[in-house]
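Participant: Build me a model from this:
(chains A and B)
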Amino acid sequence: MTENSSKPRIVVLNTRAANVHSVEKALRKVGADPIVTSDPAELASADAAVLPGVGASDAVMTALNTLGMTEPVKEFAASGKPLLCVCVGLQVLFDSSEEGELPGLGLVDGKVELIPTGMTDELGAAMKVPHMGWNEVQFTGDDASRNPMFKDIPQGSHFYFVHSYRCVPDQQAEVAATSNYGIEICAAVAHGNVVGTQFHPEKSGDVGLQIYKNFLDLASNSTN
Amino acid sequence: MLTRRVIPCLDVDNGRVVKGVSFVDIRDAGDPAELAAFYNAEGADELVFLDITASSDARNTMIDVVEKVSSEVFIPLTVGGGIRSVDNMRQMLEAGADKVAVNSAAVANPQLIEDCAKEFGAQCVVLAMDVKRVDNPVISELEGYGSVPAEWMWQVYTHGGRRSTALDAVKWARLVTELGAGELLVTSMDADGQKTGYDNELLSVISDSVTVPVIASGGAGELDHFYDALVEGKSDAVLAASLFHFGELRVSEVKSYLAERGIPMREV
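Facilitator: Got it, this is the predicted structure:
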């Protein structure tokens, strides 16, 4: 993209989650000009959108419901334009979560359950919940067959995770990446244009920024 | 598998990193953003910035620091020092911090931990504690905190280690995690600055008492100290300040050493 061509309209949904600002900064770093908003009307004219989230799923759903954003997000997902959902943003794509009482967006079939406690790792240490830190991620398929959101990322790269609940999609084909924390952790979900990561790409150094680059490329294509 | 983390800690006074060595690739060793970028390139898994500015008027200076660092460096960033309220914490998170460490204010008002965890999620709340082993503690100071070891205790200190409290470190660790602290940063005042190793006994007792990650702090001097804190001390992360800052050891060196000894490490 040349300096003069207009940048895609990327909307970061302000769910009041603590990572909204980090997502915005990561997008700026890769050359995007994101709009952080809680106005559902902005979503309708967006080329691509990010749904950030940390903390509790009910907090994100409450924010979406209160802002009148729940239906617009579902409509955006149905539009075929790129929607990147991060951490709890991924978890609210499901029907419901063990963590919360509010129904989720119901865009992906499956469940969200608590990571079991009481396991020990290879060093004999207790595995803590939340699963917090850098873990190795295996993407499903090679670079060519992967969802374009995950291209140009070396297999086995480390990404930064902070979560206590894990997603279990009904369709194994929708699991785009996995990680191991005593049990299998679904690290990413690809449901067509709707992609979610359990890890935080905005906090995962260069490999994380690559995801935002890929997202920006997809957004640029989506303007055509 | 989940890697162990190596975390440099930087002291910031009035927006400037407190004196350290000039690494070849750094022009201004006092610039927080430049040092953050340096440590990031070295493979630091996370950064801790500690605001040691005495005056509370200078709080906005720290917000600018966080804003600038988080626009350039995309690894987790913890900010501590002088955090007294939910609003203080919000300002830091909005400026780009991922976690905020509370210490003295949480001792004065433990409710702060619960309030912050409810507002932002437990993962944002790091409880920092400065701990000293005290023989024959004065029991009258300890009323209201249940039984303590008769001979000695691990006592919690506040205000940069200047003020003692009646709190037993292990009980305090349990209480704060129940209130919603998502991680503990445990500094041994006995080991701090000695370069004879972390207080692994303290670390392992605390680590066994809670279900959240523990960051070891205070005492690192040699490579094997980091290994011991992770294995004997059962810590999830190891933090060092002056050792990295004065170039005695490099983050990359520590990480290669730990990886060679079988500790899972993130490759950069």
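
Participant: Relative to the strand or helix carrying B:V100, what are the paired strands and their orientations?
Facilitator: B:V100 is part of strand B:99-102 when elements are defined by DSSP states H and E. Here strand B:99-102 is paired, per DSSP bridges, with strand B:77-80 (parallel), strand B:125-135 (parallel).

Participant: on contacts alone, who are the packing partners of the helix or strand hosting B:V186?
Facilitator: B:V186 belongs to strand B:183-188 when assigned by DSSP H and E. Packed against strand B:183-188 by the contact rule (3 or more Cβ pairs under 8 Å, 6 or more residues apart in numbering or on different chains; DSSP states H and E) you find strand B:125-135, helix B:169-179, helix B:200-209, strand B:214-217. For glycine as for every other residue, the C-beta is placed from the backbone atoms N, C-alpha and C.

Participant: List the buried residues for the third one?
Facilitator: For helix B:200-209, burial by neighbour count (16 or more other Cβ atoms under 10 Å in any protein chain shown) applies to B:N200, B:L202, B:L203, B:S204, B:V205, B:I206, B:S207.

Participant: Repeat that for the first one.
Facilitator: Residues of strand B:125-135 classed as buried by neighbour count (16+ other Cβ under 10 Å): B:V125, B:V126, B:L127, B:A128, B:M129, B:D130, B:V131, B:K132, B:R133, B:V134.

Participant: I'd say B:G160 and B:D130 touch.
Facilitator: Yes - contact criterion Cβ atoms under 8 Å: B:G160 and B:D130 qualify, at 7.5 Å.

Participant: Residue numbers of the stretch 1-150 of chain B in contact with chain A?
Facilitator: Near chain A, the residues belonging to the stretch 1-150 of chain B are B:1-5, B:40, B:45, B:70-72, B:74-76, B:93-96, B:98, B:120-124 when assessed by Cβ under 8 Å from any Cβ of the partner chain.

Participant: Could you rerun that using 10 Å?
Facilitator: Contact residues, the stretch 1-150 of chain B versus chain A (Cβ under 10 Å from any Cβ of the partner chain): B:1-5, B:40-41, B:43-46, B:67, B:70-77, B:89-90, B:92-100, B:117-124.

Participant: among the residues you listed, which ones are buried?
Facilitator: Buried among the residues of the stretch 1-150 of chain B next to chain A by 16+ other Cβ under 10 Å: B:2-5, B:40, B:43-46, B:67, B:70-71, B:73-77, B:89-90, B:92-93, B:95-100, B:117-124.

Participant: and these, which of them are in strands?
Facilitator: Using DSSP state E, the members of these that fall within strands are B:R5, B:L77, B:K99, B:V100.

Participant: need the contact list for A:N214.
Facilitator: When contacts are counted by Cβ atoms under 10 Å, 6 or more residues apart in numbering or on different chains, A:N214 touches A:30, A:82, A:84, A:146-153, A:195, A:201.

Participant: picking that back up, out of the buried residues of helix B:200-209, which touch chain A?
Facilitator: Okay, of those touching chain A (Cβ under 10 Å from any Cβ), that's B:S204, B:S207.

Participant: Rank the helices and strands of chain A by mean pLDDT and give me the bottom one.
Facilitator: Scoring the helices and strands of chain A by mean pLDDT, DSSP states H and E places helix A:57-66 at the bottom, with a mean of 90.

Participant: Could you list the buried residues of it?
Facilitator: A:S57, A:D58, A:A59, A:V60, A:M61, A:A63, A:L64.

Participant: From these, list the ones also adjacent to chain B.
Facilitator: Counting by Cβ under 10 Å from any Cβ, A:A59 from those sit close to chain B.

Participant: Looking at the buried residues of helix A:57-66, which is nearest chain B?
Facilitator: A:A59 (7.5 Å; Cβ to the nearest Cβ).

Participant: Touching, the closest one and B:A117? I think so.
Facilitator: No - at 11.5 Å, A:A59 and B:A117 do not qualify as touching, with contact defined as Cβ atoms under 10 Å.

Participant: Contact partners for the residue in the stretch 51-200 of chain B positioned nearest to chain A?
Facilitator: As assessed by Cβ to the nearest Cβ, chain A sits closest to B:G121 within the stretch 51-200 of chain B, at 2.8 Å. By Cβ under 10 Å, 6+ apart, the contact set of B:G121 is A:17-19, A:53-56, A:59, A:88, A:130, A:162, A:164, B:180, B:182.

Participant: for A:G104, same thing?
Facilitator: A:G104 touches A:57-58, A:60-61, A:64, A:70, A:91-97, A:112, counting by Cβ under 10 Å, 6+ apart.

Participant: What is the most widely separated pair among these?
Facilitator: Within the contacts of A:G104, two members stand farthest from each other by Cβ to Cβ: A:T70 and A:V112, at 17.1 Å.

Participant: who's more crowded, the two?
Facilitator: A:V112 (26 against 19; other Cβ atoms under 10 Å in any protein chain shown).

Participant: And the strand or helix carrying the more buried one, what does it pack against?
Facilitator: Using DSSP H and E, A:V112 sits within strand A:110-114. Secondary-structure packing of strand A:110-114 (3 or more Cβ pairs under 10 Å, 6 or more residues apart in numbering or on different chains; DSSP states H and E): helix A:88-91, strand A:165-169, strand A:183-191.

Participant: hmm, what's the outermost residue in chain A?
Facilitator: No residue in chain A sits farther from the centre than A:G124, which is 31.4 Å out by Cα atoms, centre = their mean.

Participant: Under the pLDDT cut-off, which ranges of chain A? List them.
Facilitator: Filtered on pLDDT under 70, chain A yields the residue ranges A:1-5, A:224.

Participant: residues contacting B:L239?
Facilitator: Taking Cβ under 10 Å, 6+ apart as the test, what B:L239 contacts is B:5-9, B:46, B:48, B:78, B:185-187, B:198, B:215-218, B:220, B:226, B:229.

Participant: Now for the residue nearest to B:I83 when sequence neighbours are not counted: which residues touch it?
Facilitator: With Cβ to Cβ, 6 or more residues apart in numbering or on different chains as the criterion, B:I83 has its nearest non-adjacent residue at 5.0 Å, and that residue is B:V102. Residues in contact with B:V102 (Cβ under 10 Å, 6+ apart) are B:80-85, B:88-89, B:109-110, B:112-113, B:116, B:125-129, B:176, B:181.

Participant: So the residue farthest from the centre of chain A versus A:I183, what's the distance?
Facilitator: For A:G124, the distance to A:I183 equals 18 Å [Cβ to Cβ, to the nearest Å].

Participant: For stretch B:151-162, list every residue counted as buried.
Facilitator: B:M153, B:W154, B:Q155, B:V156, B:Y157, B:T158.

Participant: thinking the third one is in contact with B:N136, fair?
Facilitator: No - counting by Cβ under 10 Å, B:Q155 stays clear of B:N136, with 11.4 Å between them.

Participant: Which positions within the strand or helix carrying B:V238 qualify as buried?
Facilitator: If you go by DSSP H and E, B:V238 is part of strand B:237-240. Within strand B:237-240, the residues that qualify as buried are B:A237, B:V238, B:L239, B:A240, counting by 16+ other Cβ under 10 Å.

Participant: Next: stretch A:88-97.
Facilitator: The neighbour-count check on stretch A:88-97 (16+ other Cβ under 10 Å) flags A:V88, A:G89, A:L90, A:Q91, A:V92, A:L93, A:F94, A:S96, A:S97 as buried.

Participant: can you tell if it touches chain B?
Facilitator: Yes - using Cβ under 10 Å from any Cβ, stretch A:88-97 comes into contact with chain B via A:V88.

Participant: Please identify which residue in chain A comes closest to chain B.
Facilitator: Here chain A gets closest to chain B at one residue, A:G55, 2.8 Å apart by Cβ to the nearest Cβ.
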